[in-house]
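Trainee: sequence unknown, structure follows:
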Ligand code: WTA
């Protein structure tokens, strides 16, 4: 069912360590009353309405929820603006001069923007976008490194009622092109480059390649980031503009557009089970309600916190928990541009010491890398400012959870393992740090107002099966951009009117949920979602390749690594050079995050009689469980023998 071996499930359920909320939080946390769960369950609509009232609405809603499965509308008739909620309403209080963003670039350059500053920059850039012809309802693509302009551009879109489509800066020109074309974006905001591991990533070069074939793009705005990058500002007539040139002339007076609660806030592409990424659609009122509330509940955000989420703004974690959730709470967000091991493996801990970071939200992949690098790195720095630790993006193994709690949290900081998805918009399953006793490796239970069950294929409750979300929630995706049928098929066809996230889960005697990873053809590599079909399409695009099958292979650090089984066309010589070329080809087509870790050449791909690739067998081979020597897969007899043995085992 999933790539996590059965023994691991059992080991997880045998996990009986229990960590009650620490003294520091008991009674002091933003949510301290355990009665909240029952209250929310008794009347979820009233509960979410109460959360929505924390936001500023230009016009109140007429109805909290209109649920016509599988389509939900929340806060129907209400009007608000996400950027107004993240900025303007903080200007009338002491927050006006509080740091909204504290930023450090990889080379060590620093910037601080107060709420006042950020409001000004966002307003100006809103006017820049308007000046380029962007109107309410248009889409703007954003392809930027982790610099403040990424936040500014997103909020500027929200301010004027345009939807952003942020594309992770590590994606290739081709991936960028496809996303721009799918969303029909009018303007693209990018940078000359960004820094990663001491090197400049030339984003503008990828942009120039991408926009050769994006007829909807009228303007490209380029932020100057990379030092000494020679990028022509005007590759084509009037198309390219320097960000700072436009900003210099822009007025800082840009009223926030009143948006309907169900107006589009953004599109974010994520991998699915086909080769074509899905444009997940998020709207304004429900989404902002959920991310504002969950940021406050789960991270226990307080006025003087320095909150650091290490995700990239190109992923949903960056959208919801770098930008919208924390800023709607008036929090101070710390943002870092670069890699955790540059120029040394203690960079994160150095940053925490330097800026007095109080809350850290990162991914298990990073934690496992830190474990491998050893505690001597964090031990060199003063981490006493930290008071809460979060995890997201993939299942966290109990060892990593314990290491995080001990070596980073020094036993003082609660660990909140948060389960959610691009599609859910906000956190769904997570401890509440003032209430929940945690178990290492479990995301514990659904948040108040959220439901979750473990079901089998028939829809009955089981101890181990598929995670299911029976009731609509405010931040849920509304559809897939331009493909409502795919929305219905992907998420709502497994059980009637119940959302299927695509994850396996178990539930223990205490009702704690243990998330077990994807059960579909989506890989989770270092916390990044990658569709096996996307990688397969990229491989067969290479002239030497006849067929390809891609599976996830357990990896100690990344959770899953990408193993690709490839058959070559007749007459093609199998060499190490070809292997390297294929890996690079995938990186060029999709982005470096999708580069296969292993390429295994096979004379044949094992298929069932109905022609389905036997992925479980391939996984067993990739992980060394199947009998036989994988290096000799090119011998057709080997695959045939493995297949026979496997079929014998299956029956
Ligand atoms: C996985 C990231 C276990 C899961 C926010 C989900 C997790 C996918 C956890 C979504 C967690 C995320 N424990 N698995 N705490 N958090 N996942 O869309 O498989 O990039 O379906 O959203 O990551 O990845 P996405």
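Mentor: Looks like it came in fine. What you are looking at is a predicted structure, and each value in this text was computed from that prediction instead of being measured.

Trainee: please name the bridge partners of residue 259.
Mentor: residue 80 (DSSP bridges).

Trainee: chain neighbours aside, what residue packs nearest to residue 133?
Mentor: Once flanking residues are discounted, residue 133 sits nearest to residue 218: 6.4 Å by CB to CB, 6 or more residues apart in numbering. For every residue, glycine as well, the C-beta is placed using N, CA and C.

Trainee: now do the one you found, the pLDDT please.
Mentor: The model reports residue 218 with a pLDDT of 97.

Trainee: residue 187 reaches residue 220, doesn't it?
Mentor: Yes - counting by CB atoms under 8 Å, residue 187 touches residue 220, with 7.5 Å between them.

Trainee: for the residue nearest to residue 133, phi and psi?
Mentor: phi -100, psi -30 (degrees, to the nearest 10).

Trainee: residues in contact with it?
Mentor: Listed by CB atoms under 8 Å, 6 or more residues apart in numbering, the contact set of residue 218 reads 132-133, 186-187, 239.

Trainee: state the mean pLDDT of the lengthiest helix in the chain.
Mentor: The longest helix of the chain (DSSP state H) is helix 115-131. The predicted model assigns helix 115-131 a mean pLDDT of 98.

Trainee: partner strands of the next helix or strand after that helix, parallel or antiparallel?
Mentor: Next in sequence after helix 115-131, counting helices and strands by DSSP states H and E, comes strand 139-143. Here strand 139-143 has these sheet partners by DSSP bridges: strand 163-166 (parallel), strand 187-191 (parallel).

Trainee: quick one: the helices in the stretch 101-250 of the chain?
Mentor: Remark: helices assigned in the stretch 101-250 of the chain by DSSP state H, counting those that start in this stretch are 115-131, 148-160, 173-183, 203-210, 243-249.

Trainee: up against the ligand, what does the stretch 301-450 of the chain have?
Mentor: Contact residues (CB under 6 Å from any ligand atom) of the stretch 301-450 of the chain with the ligand: 315-317, 392-395, 417-422, 443.

Trainee: go ahead and confirm residue 307 touches residue 359.
Mentor: Yes - using CB under 8 Å as the test, residue 307 is close enough to residue 359 to be in contact (4.5 Å).

Trainee: give me the common contacts of those two.
Mentor: 299, 301.

Trainee: helix/strand/coil for the residue in the stretch 301-450 of the chain positioned nearest to the ligand?
Mentor: Nearest to the ligand, among the residues of the stretch 301-450 of the chain, is residue 422, at 3.4 Å (CB to the nearest ligand atom). Three-state assignment for residue 422 (DSSP: H, G, I helix; E, B strand; the rest coil): coil.

Trainee: number of residues surrounding it?
Mentor: Close neighbours of residue 422, defined as other CB atoms under 10 Å, add up to 19.

Trainee: that one against residue 529, yeah?
Mentor: Yes - Residue 422 is within contact range of residue 529, at 7.4 Å (criterion: CB under 8 Å).

Trainee: now do the domain split for this structure, please.
Mentor: Domain ranges of the chain: 23-505, 522-649, per automatic domain parsing.

Trainee: show me the contacts for the spatially closest residue to residue 584 that is not a sequence neighbour.
Mentor: Excluding the flanking residues, the one nearest residue 584 by CB to CB, 6+ apart is residue 595, at 7.4 Å. By CB under 8 Å, 6+ apart, the residues touching residue 595 are 562, 583-584, 586-587.

Trainee: just the residues you listed that are near the ligand?
Mentor: Applying CB under 6 Å from any ligand atom to the contacts of residue 595, none is adjacent to the ligand.

Trainee: return the subset of these lying in helices.
Mentor: 583-584, 586-587.

Trainee: a markdown table for the residues you listed, including neighbour count?
Mentor: As requested, the ones in helices among the contacts of residue 595 are exported to a markdown table (neighbours: other CB atoms under 10 Å):
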| residue | neighbour count |
| --- | --- |
| 583 | 20 |
| 584 | 13 |
| 586 | 27 |
| 587 | 17 |
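
Trainee: now, among those residues, which is nearest to residue 203?
Mentor: Ranked by distance to residue 203 (CB to CB), the ones in helices among the contacts of residue 595 are led by residue 587 at 15.5 Å.

Trainee: is the one helix or strand residue 291 maps to positioned near the ligand?
Mentor: Here residue 291 sits within helix 285-298, counting by DSSP H and E. No - using CB under 6 Å from any ligand atom, we find that helix 285-298 stays clear of the ligand, coming within 11.4 Å at best.

Trainee: just to revisit the earlier point, so which of the helices of the stretch 101-250 of the chain comes closest to the ligand?
Mentor: The ligand sits nearest to helix 173-183 of all the helices of the stretch 101-250 of the chain, at 15.2 Å, using CB to the nearest ligand atom.

Trainee: just checking, what packs against that closest one?
Mentor: When contacts are defined as 3 or more CB pairs under 8 Å, 6 or more residues apart in numbering; DSSP states H and E, helix 173-183 packs onto strand 139-143, strand 163-166, helix 203-210, strand 264-270, strand 278-283, helix 576-589.

Trainee: would you format those as TSV with mean pLDDT included?
Mentor: Output for these, formatted as TSV (pLDDT from 0 to 100):
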stretch	mean pLDDT
strand 139-143	98
strand 163-166	98
helix 203-210	95
strand 264-270	98
strand 278-283	98
helix 576-589	97
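
Trainee: will you turn the ones you listed into CSV that also has distance to residue 496?
Mentor: Below are these laid out as CSV (distance: least, CB to CB, whole Å):
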stretch, distance to residue 496
strand 139-143, 33
strand 163-166, 31
helix 203-210, 41
strand 264-270, 25
strand 278-283, 22
helix 576-589, 38
